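Asker: mind folding the following:
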Amino acid sequence: MDINTLKVGDTLPALTLAPVNRTTLALFAGASNDHNPIHIDIDYARRARMPDVFAHGMLSMAWLGRLLTQWTDQRKLREFGVRFTGITHLGHEITCTGKVVEKFEHDGEKRVRLELHTTNQYGEAKVLGDAVIAV
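Answerer: Numbering: from 1, shown residues only. Model (predicted):
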């Protein structure tokens, strides 16, 4: 990736994932050691007035991390943050997207700021974020 060819408005290749299912949630719970029952126990989720279990917020952040590291080397990641804007339910097919919103230099290092999103198949935003990448 060349700072001279990157332009504000350029987009990263989208990452579309398989629909969220119980197996995905159980595997992520094990990998992250986040066994909060609201994500894996339907009875617990229903007692919390949810229709069913739903995805961990950090799973969505991990998907955005995957979007970034499929685009650039992880060693170039300088900042990465998100804000959770909606619940990712079972059956949601999530697409992760990113767009260059700024080119700048910091301490002699050329960088780009990216705007990041996850949306489901209905176009509903689930996570909004940003990242800074050295180029």
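Asker: for the rest of this, base every contact and every neighbour count on C-alpha atoms.
Answerer: OK.
Asker: in this protein, which helix has the most residues?
Answerer: helix 57-71 (DSSP state H).
Asker: which element follows it toward the C-terminus?
Answerer: Counting by DSSP states H and E, the next helix or strand C-terminal to helix 57-71 is strand 77-84.
Asker: please export the C-alpha coordinates of the host helix or strand of Leu114 as PDB.
Answerer: According to DSSP H and E, Leu114 maps onto strand 109-119. Presented in PDB, the C-alpha positions along strand 109-119 are these (Å, rounded to 0.1, in the frame of the first residue of the first chain):
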ATOM      1  CA  GLU A 109       5.300   8.400   9.900                       C
ATOM      2  CA  LYS A 110       2.700   8.500   7.200                       C
ATOM      3  CA  ARG A 111      -0.700   7.200   8.300                       C
ATOM      4  CA  VAL A 112      -4.300   6.900   7.300                       C
ATOM      5  CA  ARG A 113      -7.400   7.000   9.400                       C
ATOM      6  CA  LEU A 114     -10.100   4.500   8.600                       C
ATOM      7  CA  GLU A 115     -13.800   4.600   9.400                       C
ATOM      8  CA  LEU A 116     -15.100   1.100  10.100                       C
ATOM      9  CA  HIS A 117     -18.600  -0.400  10.200                       C
ATOM     10  CA  THR A 118     -20.400  -3.700  10.700                       C
ATOM     11  CA  THR A 119     -23.900  -4.000   9.300                       C
END
